[in-house]
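Trainee: One predicted model, sequence on top.
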Amino acid sequence: MTSGRRPSSELPPLVVNYAGERLAGVDEVGRGPLVGAVVAAAVILDPARPISGLADSKALSAKRRETLDIEIRERALALAVAEASAAEVDELNIFHATHLAMRRAIDALAPAAEYLLVDGNRLPGHHVPGQSVVKGDARHPAIAAASILAKVARDAQMAALDARHPGYGFARHKGYPTREHLAALVSLGPLPEHRRSFGPVRRQLALL
């Protein structure tokens, strides 16, 4: 049985309904983890300073992402990274918290965006017009740049959390519900940074 999803190479060409220069790509990282913030980024690339090699952050090595992160920060017309905390994820749910993080990133752009290209199938409810783009991080460089900034920022947060709580393995699994992470939840218990509304954390808290 197939998933019904076409590979990105078979997706129709991306038609962008905006011809100006203040187009912001928007993407997020961290919907699936059990711990930490969901992180979003918004990037307005400079057509006069192109960046080669922009791609979906998941398809890049950590070293390549970090190199591109530096290039994006040096060459973009505007960029912003924002987040919604684990507490906000619990309060709002992950869908609404993701859109909150996106809106915060968009609001922080200077100069402001005139049009948005947002990875996924929903816009985040911002007043700036735009379009959602399925597999957008593989289809438009501005969305790819946003995915890279968000991924590097969130991975750094997980490395810092790992330094504070080395028994959980955050630097390796980045907070996702791997076997190692689930075992640590059982043996060490949830941390304040864990998302209490997510099933494995909620079940462990119920045993305390």
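Mentor: Noted; the coordinates are in hand.
Trainee: Rounded mean pLDDT for stretch 175-188, please.
Mentor: For stretch 175-188, mean pLDDT is 97.
Trainee: Now the element after the longest helix belonging to the chain, going C-ward?
Mentor: Identified as the longest helix of the chain according to DSSP state H is helix 141-164. Next in sequence after helix 141-164, counting helices and strands by DSSP states H and E, comes helix 170-173.
Trainee: Output the contacting helices and strands for that following helix.
Mentor: Packing contacts for helix 170-173, counted by 3 or more CB pairs under 8 Å, 6 or more residues apart in numbering; DSSP states H and E, involve helix 141-164, helix 179-188. C-beta here means a position set from N, CA and C on the backbone, and glycine is covered the same way.
Trainee: and it, how far out from the chain's middle?
Mentor: Taking CA atoms, centre = their mean, to the nearest Å, one finds helix 170-173 lying 16 Å from the centre of the chain it belongs to.
Trainee: residues making contact with it?
Mentor: Identification of contacts with helix 170-173 by CB atoms under 8 Å, 6 or more residues apart in numbering yields 35, 158-159, 161-162, 178, 180-181.
Trainee: Just the buried subset of the residues you listed, written out for ChimeraX, thanks.
Mentor: Under the burial definition 16 or more other CB atoms under 10 Å, those of those that qualify are selected in ChimeraX by:
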select :35,158,161,162,181
